[in-house]
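**Q** just coords:
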């Protein structure tokens, strides 16, 4: 069985048997170097995935109802978030954008098939002049969109499975909130020494770190693909 089939069967099974608690099943998926870098520095673009891994990413998109990125990824990469290199339907594009910095000219605002959803905490969207649905949510203690409320709203709008592609702040926020259920990680055979995919999780001891188990791995072209379920422990009491 090729890697693509293995991952699709595994992911479909996890989604089917997940205890969703009325929120979407969340899959983190991104590419990094062997030293954990996703790019050279914040705000820079660096394509790390090989051709086979890039097709896997498009396959994963086809297996989810929605795909979410942060506004930083939009401003840096101007992605389309479509399924262009695999068969299947495009997922619903969703952007986390606390300050409503979404450019009306972004390619996500030019999509003919799906109207991009922008999750923000700002009440006034009168100045946004783009083709997108603005969804206003409460902010968390850091002034960002509250992820728990965001997932609940996405559930109410019919999103049952959600793929999160990045960037680093979004990946870290989902891990800190313990709201990511699975991880599919592409590791490119290179060292970058740059901007890391996972930031500070504010955890004090090893026992609190998110665990990936069971852990699966296979080579796909020149890249190593690792995948598994994410498990969390309750923070230690003070």
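**A** Good, I have the coordinates. The structure displayed is predicted, hence computed values, not measured ones.
**Q** which residues does residue 123 contact?
**A** With contact taken as Cβ atoms under 8 Å, 6 or more residues apart in numbering, residue 123 is in contact with residue 136. For the C-beta atoms, the positions are set from N, CA and C on the backbone; glycine is no exception.
**Q** Centroid-nearest residue for this protein?
**A** residue 164 (1.3 Å; Cα atoms, centre = their mean).
**Q** Now it: which helix or strand?
**A** Residue 164 belongs to strand 161-166 when assigned by DSSP states H and E.
**Q** my read: the residue nearest to the centre of the chain touches residue 28, true?
**A** Yes: under the criterion of Cβ atoms under 8 Å, residue 164 is in contact with residue 28, at a separation of 5.2 Å.
**Q** Would you map the strands across the chain?
**A** 25-33, 37-39, 66-70, 92-96, 116-120, 132-136, 161-166, 182-188, 195-196, 211-220, 223-231 (DSSP state E).
**Q** Give the buried residues for stretch 134-149.
**A** Neighbour counts over stretch 134-149 (16 or more other Cβ atoms under 10 Å) mark 134-135, 137, 140, 144-147, 149 as buried.
**Q** Now do the end-to-end distance for it.
**A** Between the opening and closing residues of stretch 134-149 lies a distance of 15 Å (Cα to Cα, to the nearest Å).
**Q** Quick one: distance of it to the chain centre.
**A** For stretch 134-149, the separation from the chain centroid amounts to 17 Å (computed by Cα atoms, centre = their mean, to the nearest Å).
**Q** which helix is the longest one in this structure?
**A** helix 3-17 (DSSP state H).
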